[in-house]
Every structure is written in C-alpha cells, then in structure tokens.
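Student: Fold the following for me, if possible:
(2 chains)
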Number of protein chains: 2
Amino acid sequence: MSSQPPHPALLIPGPIEFDDAVLQSMSHYSESHVGQPFVNCFGDVLSMLRKLFITTDPNSQPFVISGSGTLGWDQVAANLTEPGDDALVLHTGYFADSFADCFETYGVKATQLKAPIGDRPQLDEIEKALKEKKYKVITVTHTDTSTGVLSEIAPLSKLVKEVSPETLLIVDGVCSVGCEEIRFDDWGIDAVITASQKAIGCPAGLSILMASGRAIQTFKNRKTPPNSYFGSWKNWLPIMQNYEAKKPSYFATPSPQLIHALHTSLTQILSIPLEQRFQRHKEVSQKIKKTVADLGLKQLASKPENQANGMTAIYLPNDLKPPEILPNLLKKGVIFAGGLHKEIATKYIRFGHMGVSVMDPQRDDVDRALQGLKDALGEVGYKAP
Amino acid sequence: MSSQPPHPALLIPGPIEFDDAVLQSMSHYSESHVGQPFVNCFGDVLSMLRKLFITTDPNSQPFVISGSGTLGWDQVAANLTEPGDDALVLHTGYFADSFADCFETYGVKATQLKAPIGDRPQLDEIEKALKEKKYKVITVTHTDTSTGVLSEIAPLSKLVKEVSPETLLIVDGVCSVGCEEIRFDDWGIDAVITASQKAIGCPAGLSILMASGRAIQTFKNRKTPPNSYFGSWKNWLPIMQNYEAKKPSYFATPSPQLIHALHTSLTQILSIPLEQRFQRHKEVSQKIKKTVADLGLKQLASKPENQANGMTAIYLPNDLKPPEILPNLLKKGVIFAGGLHKEIATKYIRFGHMGVSVMDPQRDDVDRALQGLKDALGEVGYKAP
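Tutor: Next up, the predicted model:
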C-alpha cells in the first residue's frame, strides 16, 4: 500500500506521479554537499545517467544542475553556440518557440522550421534548410509537451550527418527521456536535455543533460567565453567530473535531497531492461489512443508515427473548453492538463502517461483516467459515435 | 523524538540541519504546478518572504526560482546591470570573487574593493571608491561563508545614499537571511539574494531574491534585453506576480516539493517575532565565540563587530590541518567544514550555527559540537592555554 495520502492521480505531461520510495528519498536527512556519502550518491547518479541515455563512450558527459528543464536550453545556447552562430530549430509546438527565444537571448540567430499543428517538419524540408546555410546546431523537440507530437531522431541524425556533418544535433528530451527510446551513441546525438519530473520520475528541480564528446570538444574550442554564469560548463564540467570520480568539489551547492530522489528513481528504472520500459510505454499509449479513437475523439498529433508514447493531446468534442471538463475529471480523482499551444490552447486537453502510472502494475491510474474521461464527457452530454 | 534516522549533526555553514516537518514536506505527493492547491502554496511563500525580509512596500518583488544561491548573482547581473556598466564589489572572501566573475560574464566591469583577510572594507574607503566612478550597483556579502566576516548593511546604505544615490545596493545574503537582522525597507536595500538551505532551513535547490520597487523599475528601464534566459525577470516577473495573486502561470516548472518545504520552514520562522530569532542566533554565537576564545583559538573574523552570528571560522592551532581534525569530529557525531578562502584554506575550519540547531531547545547540536571540538583537539595533543 502506498505511503502517500489519498490524492487525485496526476496525469499531466509532467510532473507525474512519483513512487513512494522516491518521495521518501526527498526527506533524506541533511548531508554535506562535499561529504563522501553524498558525493558517492551524486557520482552514482551520473554513472546511471550514462546507462539511461545508452552511452558507453567515455567522452560523453552527464550534467545534473539545480534548476528546471529550461536551464538545459541555456546550457546549450551558452556553451555550444556563440554569438553570431546560426541554430536551426525544428518546430513541433510551444517549446521550439521558447528554445528559439533562448538562443536569441544569447546572441544566436534561431531559424525555425515549422510544420502544421500536429505534424513535424519532414526530412526533405530539413535537408533543404540544412543546405541553405551553415548551422552550428540543429534542435529537435523529441516529444513536444504542448502537442504530443513525437519527432524521429535516428533518421534525422542520419540526414544531418550526410548533409551537414559539422552541425551538432541537440535533442530536447524533457518529455521523452525515460519513456521513448533514445540511443545516444548509436544515433550520434550531441546533446539531450531533460528534466527530472517527467518520465524519469523524480520531483522537479533538476536540469539533466547528456553531452557527447564532440559537444564537449566544441565547448572547449569556443572563441568566446560561455555567456551564462550559472549555466556555464566552465564552472560545472570539473565539478561533474569530480563527482563522478567520487571526489568532493564545489561550484554551487547542489540539492542533496533531489539527488537522492533521482538516485532512487534511476535505480528503479535501470532494474529492468530499458527496452521493456519503452515497450510498456508504447503498449499503454496504444491502448489510450485506441480508447480515445473509440470515443470518437481526435488527437493533435495527426499521424500514428508522430504520436508520442508518454502523452496524448486530445481535441475536445462539441466545442467544449478545458474548464468545462477538467473539474469533472478532478472530481473523479484524475488530473489532466489544459492546452498549451498558443493558437489552440482552449480546444484540447493533455493526458500524461509516463513513469509509475504506466510501469507499476499495482496502480490503476490509466484505467481510472480513461473511465473518468468517458464518464466526464458523458456528463456534459457527449455521446461517442 | 525526531523522525529522522540517527546521523551526524550537520554544522557546516549550509546546508544546515532541517526540522522534521520541513523534511516531511519534501515528500509531498505530486501536484500540478498550475493546480490551485500548489499555486496557493507558492503564493503564500512569496507573501511570507515579504515578512522575512521585513518589507511592506507593495513595489518590492520576491522571486523564488529553482536553482542554487548562485543563480541570484545571475539574476542581478543579467537584469539589473547592462553590458558596459560598472559594479563595485566589496570583498570579504571567496564569494566576492565569484560574484565579480558573474558580472564579467554578463559584460559588466566589476571593481573589487578588498580588505585584509578577516576584515571588511571600511566606510571611508568605500566612500572614496564611490566618488571615483559612477557605479550602477554596489554589492556586499552580508556574511561571507568562506570567512565568517559580517558586513554592516545599514551604515553602508546610508553612505551610498549620500554619496552615490543612484547606485543600487545589492546584498548577498545567502549566509545571513534568517539569522542576521535585515530590514529591507528601513535600510533601503535594492536586492537581497539568498538560498534555501542555510538559515531559512529548507533543503537546497531554490534561489530566493527580494527586489525593491526601484530595482524593478531599473529592470523595466533597461536599454538592452536581459542577457540570461533562465534567469530573466522578463520571463519570471509575471509568473511571480501571478503566483502571489494565486493565479496559475507558467514559464518553467517549479519544484512543488521544495516550495512546500519552504512554506513549512517560513511558517515556522514567522511563528515567533523575527527579533527573537536574530537575538537567539546572537546569543548562541556569542557563547560559541567565547568557548573558542577560551580554548585559545583565533577566529578569521578579526574584530567582534565583523563576526557573523550564524557561523564561526576558526584557525586551527599548532599548524593542524582540517583533515587532521574533521574526521575526529565526525566520529563524535559532528560535521564541520574545512576552509574555503583560497589563500588559507588549509589553516582553518568552519562551524555553522543557524536554524534549528540554534532555535530548537530540544536539540543539543551546538553543545555537542563545542564539546566535540575540545575533545578532538585534546586527542591530537592540543592543550588550551
């Protein structure tokens, strides 16, 4: 039985429901951030991240810094690009706009390649864009939390390596790491940024990033110093290397409690083969998407191949607005999120299905959510076709 | 009885020991960052911070952002100064060097006014510096965690307002907020930056900042956009204002668990008059400093008036090095910190006495630490004079 008090199931695309043991780790008694017990814990977290991202290249470099997922964008823009550089930003929703804003803040020109809402830029369009200009980086939102659109990474990487091999491939994996397959080495990715509170299953407060050896080399070869202080790898790289070598080191005080919780969640994730985890997320996602379709509802993500496995964005029927349905769902013990894409925010809701709600066989969150959705729609007079 | 498992008392100058209720709040079940229950909690936290900083001016503006205390420097440098501006940095140890580095990262010229180790720049020197050049900001480390040197804020503010009234007064209160008197309005401060894990008594992971109406106006009058993205008030100001008005709002996902813990610690702090809290920290500090003197030991902070009330930095006798004494202290269940000031790091240790270890009458952390220090020194052959 859960040690958590009864509460509505949080099924938004992050933060997600957390496992009891993870939440208990959040209450860890206070430790010195430079004491050996905590340093060992942080070091193990970094090593476990290598496994989560499926990278065995010793030149890959994990970073875990107090902050939100957003800080990952600053890390990329302030360490891997320099003022005057060009970035190609593939747009599948809200988060590409913000990543582009972040680049501009650091003096980098961001060119967005957009697709119709619910779709993703196609490989031939990307090829054309890459041939037009020399881009320092190309960024892709693996799952855009605002639309539930999934981007394909492996074919994109193949294309970039053919057409513009010097361009660094940056993946925004905030809503995908831990539930979608990501093979860091095999797919030749240069950086994945993510956060703790989605499919990784640890409370919010950590910016998590994996950089390739090539990315680190690009950073080291900068002509100008990094133009963020808190997000500067000049400050953090030696700290991360020391922590992983189990040596105390200090730049800014990390959060021991969050790191302990991340240790617990990563240990749980890695206790079974990752393939099984990805497969389970796919199966549950398929079930959800089938139920949604059977209810006569449409998803934002317009084609099966671009639908995320960790969330589903659902158009509301009959001109319903999110505030007309979300409170009913809450009464049934289920929390979904409203829309987030600026142009259509009032037309859809978002259902997150990641982490323990999917993986823990003792939880019935997803079934309750699907039943709740049916019932809540019925109560406002909607009849499935 | 504490619900925490037995563990050595953490008496470093942050993170400190945490109260049981605060740690339990860290395990709060998962909530939506835009759901009303959490929004209410965050809003209350911001209102309570006004009380903690003793500001009733409605134009003052609190910020709470996921990150470490260091992020506060970025907030100041990226929002209140612009490239080409000058900053006068009063130096009382390690943290002025780092704050100066941060300014330089954002294109601001930092001029450091230094004092001999253990002392602080004197008012007449500061007056001279302020008259030589127009500084956009002057920064002072209230308690420098590396030396235990306390700076005086009220007389400094009076001087700045006389000599260079347009200069913004920025206080680094990472090691002072919650244990040293700070009267934000009365003293005419423009920004105090701090972190959660010291005298505020909440686990690390939050950058906390209070800005004056004048600081916010300075930010709004910028000629150039803020040159940080994650630390930009353009992104955060509307969010903080919405949270305090109990309205959901989103820029980047906050950490609900840390915000709950901060809510608990602020509620505890504000349950008694702040004056009592400051007085108690003073009394315990006096007792510690007397015991240290009776043991024949010297403090880094060279004069009674520049000794912090939340920590004591102690020179080791007989050429002892920290690694020769800290493990003995750990065996006695007490964790002190080693030196941090680059020039003399191997010559001294640091004893933090903030928060529950000082305020909770059921705890004997400080007495055990003083006894432990005596015994540990005795065991390595040191005899008090």
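
Student: Could you say which helix or strand holds residue A:155?
Tutor: Using DSSP states H and E, residue A:155 sits within helix A:154-163.

Student: Show residues contacting whichever helix or strand comes after that helix.
Tutor: The first helix or strand that comes after helix A:154-163 along the chain, using DSSP H and E, is strand A:168-172. Contacting residues not belonging to strand A:168-172 are listed as A:72-73, A:76, A:80, A:95, A:99, A:136-142, A:153, A:156-157, A:160, A:182, A:188-193, A:214-215, A:218 [Cβ atoms under 8 Å, 6 or more residues apart in numbering or on different chains]. Quick note: C-beta positions are derived from backbone N, CA and C, even for glycine.

Student: Just the ones in strands from the residues you listed, please.
Tutor: Applying DSSP state E to the contacts of strand A:168-172, the entries found in strands are A:137, A:138, A:139, A:140, A:141, A:191, A:192, A:193.

Student: and of the residues you listed, the nearest to chain B?
Tutor: When the ones in strands among the contacts of strand A:168-172 are compared for distance to chain B, the smallest value, 11.8 Å, is given by residue A:193; criterion: Cβ to the nearest Cβ.

Student: Identify the residues contacting that closest one.
Tutor: Listed by Cβ under 8 Å, 6+ apart, the contact set of residue A:193 reads A:69, A:72-73, A:75-76, A:170-174, A:207-209.

Student: how near is the closest residue in space to it that isn't next to it in sequence to residue A:362?
Tutor: In space, not counting the residues next to it along the chain, residue A:193 is nearest to residue A:72; the distance is 2.9 Å by Cβ to Cβ, 6 or more residues apart in numbering or on different chains. If you measure residue A:72 against residue A:362 using Cβ to Cβ, to the nearest Å, the figure is 33 Å.

Student: before we move on, what about residue A:296?
Tutor: Using Cβ to Cβ, one obtains 32 Å as the distance from residue A:296 to residue A:362.

Student: who's more crowded, those two?
Tutor: For residue A:296 versus residue A:362, the count of surrounding residues by other Cβ atoms under 10 Å in any protein chain shown is larger for residue A:296: 12 against 7.

Student: quick one: that one is in a helix?
Tutor: No. Assessed by DSSP: H, G, I helix; E, B strand; the rest coil, residue A:296 does not belong to a helix; its assignment is coil.

Student: Surely it touches residue A:318?
Tutor: No. Here residue A:296 lies out of contact with residue A:318, judged by Cβ atoms under 8 Å, at a distance of 10.4 Å.

Student: Now do residue A:152 against chain B, distance only.
Tutor: When Cβ to the nearest Cβ, to the nearest Å is applied, the distance between residue A:152 and chain B equals 26 Å.

Student: That residue: how many residues sit nearby?
Tutor: Neighbours of residue A:152 using other Cβ under 10 Å come to 14.

Student: quick one, strands of chain A?
Tutor: Assignment of strands within chain A using DSSP E yields the ranges A:9-10, A:61-66, A:86-90, A:109-113, A:137-141, A:143-144, A:149-150, A:168-172, A:191-195, A:206-211, A:311-315, A:334-335, A:337-338, A:348-352.

Student: I'd like to know which elements the second one is packed against.
Tutor: Counting by 3 or more Cβ pairs under 8 Å, 6 or more residues apart in numbering or on different chains; DSSP states H and E, the packing neighbours recorded for strand A:61-66 are helix A:36-52, helix A:70-79, strand A:206-211, helix A:213-220, helix A:233-244, helix A:256-269.

Student: Reformat those as JSON lines; add mean neighbour count and mean pLDDT.
Tutor: Shown next, in JSON lines, are those (neighbours: other Cβ atoms under 10 Å in any protein chain shown; pLDDT from 0 to 100):
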{"stretch": "helix A:36-52", "mean neighbour count": "19", "mean pLDDT": "98"}
{"stretch": "helix A:70-79", "mean neighbour count": "28", "mean pLDDT": "98"}
{"stretch": "strand A:206-211", "mean neighbour count": "29", "mean pLDDT": "98"}
{"stretch": "helix A:213-220", "mean neighbour count": "17", "mean pLDDT": "98"}
{"stretch": "helix A:233-244", "mean neighbour count": "20", "mean pLDDT": "98"}
{"stretch": "helix A:256-269", "mean neighbour count": "25", "mean pLDDT": "98"}
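
Student: can you tell which of those is closest to residue A:120?
Tutor: Nearest to residue A:120 among the helices and strands packed on strand A:61-66 is helix A:70-79 (19.2 Å), distances taken as Cβ to Cβ.

Student: Now do the closest one against strand A:86-90, angle only.
Tutor: Angle, helix A:70-79 to strand A:86-90, by axes from the mean of the first three to the mean of the last three Cα atoms, to 10 degrees: 150 degrees.

Student: hmm, who's touching helix A:70-79?
Tutor: Surrounding helix A:70-79, the residues in contact under the criterion Cβ under 8 Å, 6+ apart are A:63, A:65, A:87, A:98-99, A:102-103, A:105-106, A:108, A:137, A:139, A:170, A:172, A:174, A:191, A:193-195, A:207-209, A:219, A:222, A:226-228, A:230-233, B:66-67, B:228-230, B:251-252.

Student: List buried residues within these.
Tutor: The neighbour-count criterion (16 or more other Cβ atoms under 10 Å in any protein chain shown) marks A:63, A:65, A:87, A:98-99, A:102-103, A:105-106, A:108, A:137, A:139, A:170, A:172, A:174, A:191, A:193-195, A:207-209, A:219, A:226-228, A:230-233, B:66-67, B:228-230, B:251-252 among these as buried.

Student: right, and residue A:83 touches residue A:224 too?
Tutor: Yes. Proximity of residue A:83 to residue A:224 meets the contact threshold set by Cβ under 8 Å, at 6.8 Å.

Student: Which residue, neighbours along the chain excluded, lies closest to the closest residue to chain B within the stretch 101-250 of chain A?
Tutor: For the stretch 101-250 of chain A, the residue positioned closest to chain B under Cβ to the nearest Cβ is residue A:205, at a distance of 3.5 Å. Nearest residue to residue A:205, sequence neighbours excluded (Cβ to Cβ, 6+ apart): residue B:255, at 3.5 Å.

Student: Was I right to think that neighbour contacts residue A:204?
Tutor: Yes. Counting by Cβ under 8 Å, residue B:255 sits close enough to residue A:204 to count as a contact (4.4 Å).

Student: Give me the common contacts of those two.
Tutor: The contact sets of residue B:255 and residue A:204 overlap at A:68, A:197, B:66 (Cβ under 8 Å, 6+ apart).

Student: Any chance of the residues you listed in a markdown table with pLDDT and distance to residue B:270 as columns?
Tutor: What follows is these, written out as a markdown table (pLDDT from 0 to 100; distance: Cβ to Cβ, whole Å):
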| residue | pLDDT | distance to residue B:270 |
| --- | --- | --- |
| A:68 | 97 | 27 |
| A:197 | 98 | 29 |
| B:66 | 98 | 23 |
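
Student: Now do the end-to-end distance for stretch A:353-364.
Tutor: The separation between the terminal residues of stretch A:353-364, taken as Cα to Cα, to the nearest Å, is 12 Å.

Student: if we can go back for a sec, looking at the strands of chain A, which is nearest to residue A:40?
Tutor: When these are compared for distance to residue A:40 using Cβ to Cβ, the nearest one is strand A:61-66, at 14.5 Å.

Student: Now do the closest one and strand B:206-211, the angle between them.
Tutor: Orientation of strand A:61-66 against strand B:206-211 (the same axes, to 10 degrees) gives an angle of 50 degrees.

Student: Good, we can wrap up now.
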